[in-house]
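Asker: only the shape, not the letters, is given here:
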């Protein structure tokens with residue numbers, strides 16, 4: 001019976017550990033982006049569209065990177081290519097399936113239509 005008394009504590013610790021090692025993923029907003037830049041955070045911007053085959057290939061890789069402990073301090077901003085034209089203009093993005101790595105306000109890398117997991121990982125590492 002004593003083992004069951006500790007179960008809620010183990011569950012809580014496991015949940016805390018899993019959230020502490022995940023990158024923050026959020027829909028792009030200019031304010032949140034600027035706050036992350038001002039804080040000097042590693043940032044990856046993912047420009048995606050529901051109809052885009054390259055984006056569909058990139059999505060599981062981006063999801064994997066967001067859960068990787070190496071990128072736990074990163075913020076991943078997702079921009080909808082079809083509906084957020086102002087963000088595209090601000091970031092000089094011409095195409096969907098674009099990934100941009102920043103460290104603070106410094107852009108460190110950009111790729112478009114790249115679906116190779118190792119190349120995407122390398123871009124994420126540039127943000128660190």
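Answerer: Ah, there it is. All values derive from a computational prediction rather than experimental measurement.
Asker: all strands of this structure, in order?
Answerer: 24-27, 42-48, 75-80, 98-103, 106-112 (DSSP state E).
Asker: and residue 62, which of these is closest to it?
Answerer: strand 42-48 (5.4 Å; C-beta to C-beta). All C-beta spots, glycine's among them, are computed from the backbone N, C-alpha and C.
Asker: that closest one packs against which elements?
Answerer: helix 30-38, helix 53-67, strand 75-80, strand 98-103 (3 or more C-beta pairs under 8 Å, 6 or more residues apart in numbering; DSSP states H and E).
Asker: now, of these, which is deepest in the fold?
Answerer: With neighbours defined as mean count of other C-beta atoms under 10 Å, the helices and strands packed on strand 42-48 peak in mean count at strand 98-103, which reaches a mean of 22.
Asker: who touches that strand?
Answerer: 37, 40-47, 58, 62, 91, 93, 107-112, 114, 120, 123-124, 126-128 (C-beta atoms under 8 Å, 6 or more residues apart in numbering).
Asker: how close does residue 61 sit to residue 87?
Answerer: The gap separating residue 61 from residue 87 is 21 Å, by C-beta to C-beta, to the nearest Å.
Asker: also residue 39?
Answerer: From residue 39 to residue 87 the distance is 19 Å (C-beta to C-beta).
Asker: related to what we said a few turns ago, quick check: which of the helices and strands packed on strand 42-48 is nearest to residue 21?
Answerer: helix 53-67 (7.5 Å).
Asker: contacting residues around the closest one?
Answerer: 21-23, 25, 44, 46, 48-49, 71, 74, 76, 96-97, 99, 113-115, 117, 120-121, 124.
Asker: since that was my last question, I'll sign off now.
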